[in-house]
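Asker: no sequence for this one, just the structure:
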Ligand SMILES: Nc1ncnc2c1ncn2[C@@H]1O[C@H](COP(=O)(O)OP(=O)(O)OP(=O)(O)O)[C@@H](O)[C@H]1O
Ligand SMILES: [Mg+2]
């Protein structure tokens, strides 16, 4: 769907040249929500702006839907851009226009008649859940409502791709969740491919299928979100994963705790969604003749299940304990590590 090869953007000042995006190669599949995460200055926004050539690449090739974006003349580029919607952190709304007229703006530029515009705007307002606010001005809206206008406007020309640059960074956690739900809803309903930029791992965890981690203009790690969560390879990725999984070492009192137990097995359970910790613990305790003590953990519950790490001690007959461990590792999405075996 989107293929990016050897994409670079250099900025030159009198003193030096910096590579904001540096030889980046990436493939994004049709209909997926693809996350790009990185710290400030990693080159995320530059990368996104290169995709629709708001920023001209210094090098490289971009193909979206079989169309080579990097080879288009300015007239064809204008048409291609209608297929690519963009949502911004600070909404970028027109303050003198109402909600309805903000959403109609790209349709005016594309030359639709008033009747066509009205019909489409009506649909979009329903889609983003702003039905009672269509005559309000941006200054009369909450942040979440403003972003709904931003999203509706980005969808006006029926794009195939939606680019979101920190679309939720200016919003509180609850509003962030509502906007992320809206993006998932749009992705499912319209089959739209979404590229989402963020510096918050919980945003990636909540809605993305795959993720790329950027550092110094390069993609340093990429993969399915669950794989990256479970097996982060780069330092920068580990730091992002810690944002939501907690710090993954035994210095925070656990090592002391572990050595005070001289029987049973101590397990570290990695929860990566798709299951909840309560259900798992009670299920295992019922199924096998064992006792489970929860020692310590940091778990976050989301609609997609639990994320985080839990240390538990399992006691019982050796055979039952082993069966329980095998059950957790083979039959559930929870990854198990035996970190002390005193049975
Ligand atoms: N127009 C420009 N001229 C010169 N340097 C630029 C320009 N735009 C970006 N840069 C530089 O390119 C690098 C990447 O910037 P970019 O805005 O893409 O990062 P980012 O990952 O989006 O950061 P943030 O999370 O803060 O938004 C930075 O070092 C930045 O200073
Ligand atoms: Mg940015």
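Answerer: Good, I have the coordinates. Keep in mind it's a predicted model, so treat the numbers as computed, not measured. Ligands and ions are numbered 1, 2, ... in the order given.

Asker: in the strand or helix carrying residue 7, what's buried?
Answerer: According to DSSP states H and E, residue 7 maps onto strand 2-12. Buried residues in strand 2-12, counted by 16 or more other Cβ atoms under 10 Å: 2, 4, 7, 8, 9. C-betas here are computed from N, CA, C, even on glycine.

Asker: Give me the spatial nearest neighbour of the fourth one, chain neighbours excluded.
Answerer: The shortest distance from residue 8 to any non-neighbouring residue, by Cβ to Cβ, 6 or more residues apart in numbering, is to residue 59 (4.2 Å).

Asker: who are the neighbours in contact with that neighbour?
Answerer: Neighbouring residues of residue 59 by Cβ atoms under 8 Å, 6 or more residues apart in numbering: 6, 7, 8, 23.

Asker: State the distance from the residue in the stretch 151-300 of the chain that ligand 1 sits nearest to to residue 41.
Answerer: Across the stretch 151-300 of the chain, the shortest distance to ligand 1 (Cβ to the nearest ligand atom) belongs to residue 199, at 5.4 Å. Noted for residue 199: a distance of 10 Å to residue 41, by Cβ to Cβ, to the nearest Å.

Asker: same check, this time on residue 183
Answerer: 25 Å.

Asker: Looking at the two now, which is surrounded by more residues?
Answerer: Higher neighbour count among residue 183 and residue 41: residue 183, with 23 against 14, using other Cβ atoms under 10 Å.

Asker: secondary structure class for that one?
Answerer: helix (DSSP: H, G, I helix; E, B strand; the rest coil).

Asker: need the contact list for it.
Answerer: 33, 151, 162, 164, 167, 194, 196, 207.

Asker: picking up where we left off before, now do the strand holding residue 7, average pLDDT.
Answerer: Averaged across strand 2-12, pLDDT comes to 96.

Asker: any residues touching that strand, and which ones?
Answerer: Applying Cβ under 8 Å, 6+ apart, the contact partners of strand 2-12 are 17-28, 43, 46-47, 50-51, 55, 57-65, 161, 193, 195, 217.

Asker: Other residues contacting stretch 62-70?
Answerer: Identification of contacts with stretch 62-70 by Cβ under 8 Å, 6+ apart yields 1-5, 7, 50-53, 57, 60-61, 77, 80, 83-84, 160-161.

Asker: quick one: that stretch to chain centroid distance?
Answerer: When distances are taken as Cα atoms, centre = their mean, to the nearest Å, stretch 62-70 is centred 23 Å away from the chain's centroid.

Asker: what does stretch 301-317 give?
Answerer: Counting by Cα atoms, centre = their mean, stretch 301-317 comes out at 23 Å from the chain centroid.

Asker: Now do the buried residues in that stretch.
Answerer: By neighbour count on 16+ other Cβ under 10 Å, the buried set for stretch 301-317 is 305, 306, 307, 308, 309, 310, 311, 312, 313, 314, 315, 316.

Asker: ok, now stretch 215-229?
Answerer: Within stretch 215-229, the residues scored as buried using 16+ other Cβ under 10 Å are 215-223, 225-226, 228-229.

Asker: can you check stretch 114-129 too?
Answerer: Using 16+ other Cβ under 10 Å as the test for burial, stretch 114-129 gives 117, 120, 121, 124, 125, 127, 128.

Asker: what does stretch 128-135 give?
Answerer: In stretch 128-135, counting by 16+ other Cβ under 10 Å, buried: 128, 130, 133, 134.

Asker: ok, these vs residue 241, which is closest?
Answerer: Checking the buried residues of stretch 128-135 against residue 241 by Cβ to Cβ gives residue 128 as the nearest, at 31.6 Å.

Asker: for that closest one, what are its contacts?
Answerer: 148, 149, 151, 152, 182.

Asker: Nice, that's everything, thank you.
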